[in-house]
Structures are given as structure tokens and as C-alpha cells.
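K.L.:
output the structure for:
(chains A and B)
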Amino acid sequence: MTGAGVLFQREARAAFASVSFYVQAAAFLAASGWSLVDALRRGEGGFVLVPALWVGSVAFWLPFLSALTTMRSFSAERASGTLETLLTAPISESQVVWGKFQSAFLMGFTGLALAGLAPTVLLPWLSPRLADGIAAWPLVAGIVTLMIQLALWTAVGIFFSLACEQQAAAAACSLFVCLVVPLAVEAAAGAWFPGVSLAAAGFPAAGWAADAASGLLALAPVVCYGAAARGFLFLTTLLLEARQIRTG
Amino acid sequence: MLFEVRQIVRRYGQRTALDGVSFDVAPGEVVGVLGANGAGKTTLMRVLAAYLQPESGDVVFDGRSVFADKVGYYGVLGYLPERCPLYDDMRVGDYLAFRGRLRGLGWRRTARRVKDVAAACGLNEVIRRPVGALSAGFRRRVGLADAILAQPKVLLLDDPFAGLDLAHGQALRQTVAAMSVRSAVILTGHDVAGMAEICTRFLVLRDGRLVTARRATGCDTGVLVRTLSRAVAGLDTDEVSVAAQGGGG
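P.N.:
Model (predicted):
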């Protein structure tokens, strides 16, 4: 097993053994569940598919979950000093980043998988009529889209957990980049190009995920999200090397 | 020489923490680095561990700069940092196993080595206890066990005996002395008398400069301790020239 794999195992075990992860996951499930119920109420009698509503309701809260699950990744290591022992083990910086990323992604995916119980188990049980229209493939497409988004939010969170000394600051910066910046860009685009219809999308990432769950698959966002995630992991590796030089 | 330190200069902003430090360490040597607080001992250890990059100078191990192939160097390095940082949420045995596997030892060898180092460092009674519940002395022993786990060729110990009682300090000094058979050992500390039991050579740092280099073997321990204590306190500067000529001692 590689160094990244060994680190991933340690991180994942520590995360799943901590109470804070379950609190974070429960908050995420409550928030996304509330969003879904609200979306179902508002969309009653409309033509939007239930998987698209579910994906849209989850996508907005996903950056919150990843910000919370990643904020400790490096900042806790810096605070306790274990980063020094980790970086003097025979494992490269990129493997350290990859191991941390994998474990944080697994935590986010666990939250996502639990949220997936809403359209697959809870809805058919509580409202069989609504669940009649739920097909498997739109749901799968939506989940894959959310996983790609989760990869980017996790990479951003990992980056800020290293860049910021305080965990709260790391979470705040991560949320700023993952939520505030896309919303600001969308608002600016809407203001400068009124002809472009952006009003329906709401949170841009949620719009893309909802499109995928409606059968409108696009390759460009996949490439953009994947490249951006890769870019943030690369930046984290560079920062880790630089931090190693500056840490005193 | 196994280990060569060449004209290391390291600054923190305007302050020079290490100023042209040079010395060599041969296999089997145990070198003690002494100095008052803030003299540059921890910075020196971090540079030797390739954790900090110096502004100028180089650290050469087996003819190659340690900064050129850090991962390869870390494979033969055992390092105990000053703060002895550990994962508090893990049990002692699990922590050592994790570190062994991180060093690429494999499951079987890791299990065997964990057993060996736990016995050598007196950790058998706490092997199932969470690291966070250990006393400072036991934490340091876990840190030392981690450092010697992979049988390193270079062992860097930053203040390894701090917080240990007399009996455990003595036991750990014997463990370190045993390690010197196959490793070059460099350690820092303040307990000159205790370090004199195992060190073959002493270096004294003052304000980031190497002011004294002295062989510890073949001389009276009392005289050695007095001389070194005076050098650490800055009362004795007559050996500056010796250090400046290469620090060979």
C-alpha cells in the first residue's frame, strides 16, 4: 500500500470515530431534506422531475458539508505539530495531499449517500405517488454530477485547511470560494448580460446538477470541475512544500 | 563521513538562527548538541531533518544532498521533534503500526518492529492506551520508539530525555547508545551529565554559531561537564578557534 493509502486509512478511521462527523452529516441531511421538501411543495403540479429537485436541493448544501469535513485536515496537524512528523516520513507531499483528499472525499460521499436515501427509500415509503415517476438513470446521473462537484469542494477545502491556521477561517474561506464566488459571478453575468437567462439556475452548480438529473448531460462542466479540483490539489502540494520551508 | 553539515545559514526574518554551522558525523558516533534556549538547536535539528531549507549551505548524507532527494533520505532517517507531536486519538500500538507502514515496512515487519521497540522503550504496559491519555514521559518514549522503528541510519533526537524520570532516562539512554552501533546519532539537550554517558562528541551552539567542539571520550566526566556547562553559559570562549577550524573536536 502507498503512503497515501496508509494516510487515507488513518484519516478515515479517525473521522468515522469522531462525533463531530456525525453531527456534521446530520446537519447536512436535515438541511438538504428541508430543501427537498420545500422544492417539492413549490414544484407541486409542475414538470420538474423529482431527481432534479433532489439533486438541486443537495447541491447547495454540499459545499457546507465539505467545508466542515475538510477544515481540520491540515490545520489540526499544524496546531498539534504532527505535520512535522508527517512531512519527515518517507512520503512525498503530493501523497500526503492525496491521502487527505481521499479521506475527506469519502466523508463527503458518505453524507451524499445518506442523503440519497431520501428519493430512493423515504419518498417511496412516505409518498408512493410521487415516487412513481422516479427513474434510476436520472438519479445516477445526478449523483455522479454531485460527486464531481464534491471533488472540487473537497479540493478547495483541503487547500484552505493548509493555507489557514484557524479551522473556522479555513471553513469560511472554503465557503466563500465554493458558494459566494459562483453566486457573485452569476449575479454579475446577469447584470451585464441581461439577455442571458440565468435566473432559473439559482446556485449555478445546483443548476448543472439538476440538468444532469433531467437528462441534459454536458461534458464541459465535468472537465471544468475536474480540472479545477486537480488545480487546487496541485496548489495545495505547492503550498505544502513552501510551508515546509517557512514553518518555524 | 556519513553525515556532513556544510556552512549552514538559516534566518527567521532579520534574526539569524544558524550562522555558518559546519561539522561531520561518522557512523557509530553519538553527537550531543548543547546550547542555551534560543541558541539554534531545534532549528539545526530541523535543517538536519530536511524539514527546514537553509538559506545557504548543505547537509550531505552518504555523498548526496539531503534536500535533493528528501523522500529517499527520510527512508533512512529517524527523527524525534522537540514537541514530540503524536496523534492523540490513536492507541500507542496503532500509532506505531501506522508510522511503520507509512515508512513502507509492510505488515509483518511492522508488527515485529512495534513489538521490539515497545519492549526497548518500555511501552508494553501502555501499548493499548490512547496516546492522548499518556503522561509527558510516556509520550516522549512513544516518540523515541517511532524514531527508531525503522532502524534508521541517521537518528536525530531533539531533547529526547526531557520530562523523563531518572530510571527511564537511564533506560532510554541505553536504547540510544545501542542504536549508535548502526546509526549516526545526533541529539540535543540540557542535561550535560546525562548526555555525557552516551555522547562521543559535543558541539556547543551560541546565538546560532558553533563555539565549541569537544570529544567526550577519554577525559574526566566531571571536567567535561564543567567545561561544557561554562561554554553553554557563555563563560568560556577559548575553544572558538577550534570550532572555526572545522569543528572536528
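
K.L.:
which residue does chain A bring closest to chain B?
P.N.:
residue A:81 (3.3 Å; CB to the nearest CB). In this view, the C-beta of every residue, glycine as well, is placed from N, C-alpha and C.

K.L.:
for the one helix or strand residue A:37 maps to, what is the average pLDDT?
P.N.:
In the assignment (DSSP states H and E), residue A:37 maps to helix A:19-42. For helix A:19-42, the mean pLDDT works out to 90.

K.L.:
show me the contact partners of that helix.
P.N.:
Helix A:19-42 has contacts (CB atoms under 8 Å, 6 or more residues apart in numbering or on different chains) with A:15, A:50, A:53-54, A:56-58, A:60-62, A:64-65, A:68-69, A:107, A:110-111, A:114-115, A:118-119, A:130.

K.L.:
show me those residues that map onto helices.
P.N.:
Among the contacts of helix A:19-42, the members found in helices (DSSP state H) are A:15, A:50, A:53-54, A:56-58, A:60-62, A:64-65, A:68-69, A:107, A:110-111, A:114-115, A:130.

K.L.:
remind me which residues of chain B are low pLDDT?
P.N.:
B:1, B:216-219, B:234-249 (pLDDT under 70).

K.L.:
which residue sits closest to the residue in it that chain A sits nearest to, ignoring its sequence neighbours?
P.N.:
Closest contact between chain B and chain A, by CB to the nearest CB, is at residue B:85 (3.3 Å). Distances taken as CB to CB, 6 or more residues apart in numbering or on different chains place residue A:81 nearest to residue B:85, at 3.3 Å, with adjacent residues excluded.

K.L.:
the one you found contacts residue B:83, correct?
P.N.:
Yes: between residue A:81 and residue B:83 there is a contact under CB atoms under 8 Å: 4.6 Å.

K.L.:
and residue B:152, how many neighbours?
P.N.:
Counted by other CB atoms under 10 Å in any protein chain shown, the residues lying close to residue B:152 total 21.

K.L.:
what segments of chain B are helices?
P.N.:
Here chain B has its helices, by DSSP H, at B:41-48, B:70-74, B:92-102, B:107-120, B:136-148, B:166-179, B:192-196, B:221-233, B:240-244.

K.L.:
check which helices and strands the fourth one sits against.
P.N.:
Same thing as helix B:107-120. helix B:92-102, helix B:136-148 (3 or more CB pairs under 8 Å, 6 or more residues apart in numbering or on different chains; DSSP states H and E).

K.L.:
domain parsing for chain B?
P.N.:
Per automatic domain parsing, the structural domains of chain B span B:3-76+B:154-244, B:88-151.

K.L.:
start to end distance for the shortest one?
P.N.:
Distance between the boundary residues of domain B:88-151 (CA to CA, to the nearest Å) amounts to 24 Å.

K.L.:
now that domain, how far from the centre of its chain.
P.N.:
Relative to its parent chain, domain B:88-151 has a centroid offset of 18 Å by CA atoms, centre = their mean, to the nearest Å.

K.L.:
same question, the longest one
P.N.:
The chain centroid and the centroid of domain B:3-76+B:154-244 are separated by 7 Å under CA atoms, centre = their mean.

K.L.:
list the residues that contact the most centrally placed residue in chain A.
P.N.:
Per CA atoms, centre = their mean, the C-alpha nearest to the average position across chain A is that of residue A:150, at 3.0 Å. Shown in contact with residue A:150 (CB under 8 Å, 6+ apart): A:62, A:66, A:105, A:108, A:109, A:112.

K.L.:
element containing it, please.
P.N.:
Per DSSP H and E: helix A:136-163 holds residue A:150.

K.L.:
show me what the residue nearest the centre of chain B bridges to in the sheet.
P.N.:
In chain B, the residue lying closest to the centroid (CA atoms, centre = their mean) is residue B:157, at 2.2 Å. Here residue B:157 sits in beta bridges with residue B:80, residue B:187, going by DSSP bridges.

K.L.:
same deal with residue B:58?
P.N.:
When assigned by DSSP bridges, residue B:58 has beta-bridge partners residue B:6.

K.L.:
give me every residue in chain B lying close to chain A.
P.N.:
Contact residues, chain B versus chain A (CB under 8 Å from any CB of the partner chain): B:12, B:43, B:46, B:49-53, B:71-72, B:74-75, B:77, B:79, B:81, B:83, B:85-90, B:98-99, B:101-104, B:146.

K.L.:
which among those residues end up buried?
P.N.:
B:43, B:46, B:49-52, B:74-75, B:77, B:79, B:81, B:83, B:85-87, B:90, B:98-99, B:101-104, B:146 (16 or more other CB atoms under 10 Å in any protein chain shown).

K.L.:
mind putting the domains of chain B into CSV with distance to residue A:98?
P.N.:
As requested, the domains of chain B are exported to CSV (distance: least, CB to CB, whole Å):
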stretch, distance to residue A:98
domain B:3-76+B:154-244, 14
domain B:88-151, 14
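
K.L.:
hang on, the earlier thing: now do the residue nearest to the centre of chain A, the pLDDT please.
P.N.:
For residue A:150, the model assigns a pLDDT of 94.

K.L.:
what about it, distance to residue A:101?
P.N.:
Note on residue A:150: its distance to residue A:101, by CB to CB, to the nearest Å, is 11 Å.

K.L.:
now do residue A:212
P.N.:
Per CB to CB, residue A:212 is found 23 Å from residue A:101.

K.L.:
pLDDT score for the residue nearest to residue B:85?
P.N.:
Per-residue pLDDT puts residue A:81 at 89.

K.L.:
tell me the phi and psi of it?
P.N.:
Per-residue torsions, residue A:81: phi 90, psi 0 (degrees, to the nearest 10).

K.L.:
any idea how far residue B:45 is from it?
P.N.:
Residue A:81 is 14 Å from residue B:45, where distance means CB to CB.

K.L.:
of those two, which one has the most company?
P.N.:
More crowded of residue A:81 and residue B:45, by other CB under 10 Å: residue B:45, with 23 against 16.

K.L.:
for residue A:90, helix, strand, or coil?
P.N.:
coil (DSSP: H, G, I helix; E, B strand; the rest coil).

K.L.:
and it, what are its phi and psi?
P.N.:
phi -70, psi 70.

K.L.:
would you agree it is in contact with residue A:2?
P.N.:
No: the criterion here is CB under 8 Å, and residue A:90 misses it with residue A:2 at 11.2 Å.

K.L.:
neighbour count for those two, which is higher?
P.N.:
Applying other CB under 10 Å to residue A:90 and residue A:2 shows that residue A:90 carries more neighbours, namely 18 against 14.

K.L.:
list the residues that contact the more buried one.
P.N.:
Contacts for residue A:90 were tallied using CB under 8 Å, 6+ apart; they are A:3, B:71, B:72, B:74, B:75, B:102, B:103, B:104.
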